[in-house]
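Novice: Fold the stuff below for me.
(one chain, ligands or ions: 3)
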Amino acid sequence: MEIKIVDSTKDVSCDVLIVNKFEGELTSNPLVNKYAPDTFKGKPGEIFLIHTRNEFPSTYVLAVGFGDEQKLDNNVIRESIVKAVKKCLELKANSIAFDIDTNSAFGIPTLMATSIVNYHFDKYKTKKEHRISEVYISNVTNDIKIAEYVSEAMKLARNLANEPAAFATPSKLAEIAQGFEGLETTVYEEEQIREMGMGAYLAVAQGSAQPPKFIHMKYSCENPKKRIAIIGKGLCFDSGGLDIKPAASMLNMKDDMSGAACVLGIMKVLNKIQPNIEVHGIIAACENMPSGNSYKPGDIVTAKNGKTIEVDNTDAEGRLTLADALCYACELGVDEVIDIATLTGACMVALGSAASGIMGNNDEFVKDIVKTGEYTGEKFWQLPMWQEYRDNMNSDVADMKNTGTRYGGASAAGMFLKEFVTDNVKWAHLDVAGTAFLDKPQKGFSKGATGVGVRTLLSYIISY
Ligand code: BES
Ligand code: MN
Ligand code: ZN
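Specialist: Ligands and ions are numbered 1, 2, ... in the order given. Below you'll find the predicted structure:
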């Protein structure tokens, strides 16, 4: 999808010209004003399509409701534009133009909505889906570039999480990371991972024929305003291990590296955006598989910070890999650590696909991310971090078990991770189990990977 910036989009010859309509007001387009029926009020997302019959340079004009002008915000713009762009895809439009008449900054939400709707994972289909190839837009400043980078990051994140596990292996993720320009990237092999003392992560990885890869990407700049690390859960496949998952639960477990995909998407574009903070992207990539080499329930493993963990359930593997990654990140001396993980079915049960769970050791920091998400269109809901959840994970033979009771599982996982975070580091944990991969279309997203986290974390990074 190519974005073309022009002085005015009013007279662009294209397939569909999209104009906005506020309730009770006329649009900027004479044809819409003349032909739209009174029943077309301009409520958010309401659309009215008109064929111009050569009365206009575009084949169609599509008016989309923006609702009450006083209540207009990013979310209204994004969600309304989603409806309009979907209609353009139905019309098999190749080129579209936006003539958006408002005082609000509409560039980013408009372009983000367009790129979200225009995404399909059809790499393995011989017959490709229809796509919009040209987008004309005007009246926007450097918003455009940002929207392009965020779209590019999301596309990589969605592609990687949609890819079968046979393609998106730990080695593949490492190879992709090493291909990014302008970053310092180190990939640690199994032997080095062992030397670093990452016993929890290695235990998970040991059952698979695919070797683990610990990936560390670093974006640096002069006089960084702060230093942060983003960690993505990188389970390229989660079969459950010896505590094997039932078939239905295993079906989408190629997506268990969605956190890693998000981190890769973000790291890919940082050198182009040149934000003023130092960003470390970290992924402990591996597979969780049953085999003669697998780790077993009852095993006791030692994480990088020396804490011992009794393996209560081999399917609670994400937190074991994250434990070592969190220790590693805290040792970098960063100010903040954010992990993003498809961590618990419990979070999915609690919040569905509407919101991701968020927890952390600093309320202000957590709230900052929640706020950023409200703006970018990704919902985060804070879950409690109470001692009760930790008490359930006491072990008779080790410092802790890797699971608690069945209920409150998202918070238990959060409390487990906290054991591996240094107190002087601000830390937030994003549980995206319910939001990373959709089983039906939602808000402009097709089924499958959403690239959740990319918009919010990138926006958070850029804000400094
Ligand atoms: N990857 C899963 C969590 C998950 C479930 C992600 C559904 C996306 C959709 C995680 O590794 C897992 O298996 N968690 C277990 C933990 C339990 C054994 C304590 C779960 O949630 O059932
Ligand atoms: Mn699991
Ligand atoms: Zn998992």
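Novice: For whichever residue of the stretch 51-200 of the chain sits closest to ligand 1, which non-adjacent residue is closest in space?
Specialist: Nearest residue of the stretch 51-200 of the chain to ligand 1, counting by C-beta to the nearest ligand atom: Ala161, 11.0 Å away. For the C-beta atoms, the positions are set from N, CA and C on the backbone; glycine is no exception. Spatial nearest neighbour of Ala161, excluding adjacent residues (C-beta to C-beta, 6 or more residues apart in numbering): Ala449 at 3.5 Å.
Novice: Give me the phi and psi for that neighbour.
Specialist: In terms of degrees, to the nearest 10, the main-chain angles of Ala449 are phi -70, psi 140.
Novice: ditto for Ile340
Specialist: According to degrees, to the nearest 10, Ile340 has phi -130, psi 130.
Novice: who's in contact with it?
Specialist: For Ile340, the residues meeting the contact criterion (C-beta atoms under 8 Å, 6 or more residues apart in numbering) are 230-233, 258-259, 262-263, 430, 432, 452-453, 457.
Novice: In strands, which of those residues appear?
Specialist: Residues from the contacts of Ile340 lying in strands, with DSSP state E as the criterion: 230-233, 430.
Novice: May I ask which of the residues you listed has the most neighbours?
Specialist: Gly232 (34 neighbours; other C-beta atoms under 10 Å).
Novice: Walk me through the domains of the protein.
Specialist: Domain ranges of the chain: 2-141, 149-462, per automatic domain parsing.
Novice: for the ones you listed, which one ends up most surrounded?
Specialist: Mean neighbour counts were compared across the domains of the chain using mean count of other C-beta atoms under 10 Å; the top stretch is domain 149-462, at a mean of 21.
Novice: What's the mean pLDDT across that domain?
Specialist: Confidence over domain 149-462, taken as the mean pLDDT, stands at 98.
Novice: Tell me the span between the first and last residue of it.
Specialist: Across domain 149-462, the terminal residues are separated by 11 Å (C-alpha to C-alpha, to the nearest Å).
Novice: re earlier: let me see the contact set for the residue of the stretch 51-200 of the chain closest to ligand 1.
Specialist: Contact criterion C-beta under 8 Å, 6+ apart gives 168, 254-255, 257-258, 261, 436-437, 448-449, 451 as the residues in contact with Ala161.
Novice: residues from this structure in reach of ligand 3?
Specialist: Listed as neighbours of ligand 3 in the chain under the rule C-beta under 5 Å from the ion: 235, 238, 256, 318.
Novice: ok, which of those residues also contact ligand 2?
Specialist: Taking C-beta under 5 Å from the ion, the overlap between the residues of the chain next to ligand 3 and the neighbourhood of ligand 2 is Asp238.
Novice: Apart from its chain neighbours, what residue comes closest to Val263?
Specialist: For Val263, the nearest residue in space outside its immediate sequence neighbours is Gly232; the separation is 3.5 Å by C-beta to C-beta, 6+ apart.
Novice: Repeat that for Ile81.
Specialist: For Ile81, ignoring the flanking residues on the chain, the nearest one in space by C-beta to C-beta, 6+ apart is Ala113 at 3.8 Å.
Novice: where does the one you found land in three-state SS?
Specialist: Recorded secondary structure, Ala113: helix (DSSP: H, G, I helix; E, B strand; the rest coil).
Novice: any idea of the pLDDT on it?
Specialist: 98.
Novice: I'd like the distance from it to ligand 2, if you could.
Specialist: Separation of Ala113 from ligand 2 (C-beta to the ion, to the nearest Å): 33 Å.
Novice: cool, Phe214 as well?
Specialist: Using C-beta to the ion, which is the criterion applied here, Phe214 is 19 Å from ligand 2.
Novice: now the helix or strand containing that residue, how far from the centre of its chain.
Specialist: Under DSSP states H and E, the secondary-structure element containing Phe214 is strand 213-219. In this view, strand 213-219 has its centroid 18 Å away from the chain centroid, taken as C-alpha atoms, centre = their mean, to the nearest Å.
Novice: Repeat that for stretch 163-171.
Specialist: Relative to where its chain is centred, stretch 163-171 has its mean C-alpha point 18 Å off (C-alpha atoms, centre = their mean).
Novice: can you pull out the strands in the stretch 301-450 of the chain?
Specialist: With DSSP state E, counting those that start in this stretch as the criterion, the stretch 301-450 of the chain has strands at 308-310, 336-341, 356-360, 380-382, 400-401, 426-431, 437-438, 448-449.
Novice: Output these as a markdown table; include the columns distance to Arg390.
Specialist: As requested, the strands of the stretch 301-450 of the chain are exported to a markdown table (distance: least, C-beta to C-beta, whole Å):
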| stretch | distance to Arg390 |
| --- | --- |
| strand 308-310 | 13 |
| strand 336-341 | 18 |
| strand 356-360 | 12 |
| strand 380-382 | 17 |
| strand 400-401 | 8 |
| strand 426-431 | 14 |
| strand 437-438 | 29 |
| strand 448-449 | 32 |
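Novice: looking at the ones you listed, which is closest to ligand 1?
Specialist: Distance to ligand 1, taken as C-beta to the nearest ligand atom, is lowest for strand 437-438 among the strands of the stretch 301-450 of the chain, at 6.9 Å.
Novice: Tell me who's in contact with the residue in the stretch 201-350 of the chain that ligand 1 sits nearest to.
Specialist: Residue nearest to ligand 1 within the stretch 201-350 of the chain: Gly345 (3.2 Å; C-beta to the nearest ligand atom). Applying C-beta under 8 Å, 6+ apart, one finds that Gly345 lies in contact with 249, 409, 433.
Novice: coming back round to it: can you tell me which of the strands of the stretch 301-450 of the chain is nearest to Glu148?
Specialist: Ranking those by their distance to Glu148 (criterion: C-beta to C-beta) puts strand 448-449 first, at 19.7 Å.
Novice: Determine the set of other helices and strands touching the closest one.
Specialist: Helices and strands in packing contact with strand 448-449 are listed as helix 143-162, strand 437-438; criterion 3 or more C-beta pairs under 8 Å, 6 or more residues apart in numbering; DSSP states H and E.
Novice: What residue in the chain comes nearest to ligand 2?
Specialist: Asp315 (3.8 Å; C-beta to the ion).
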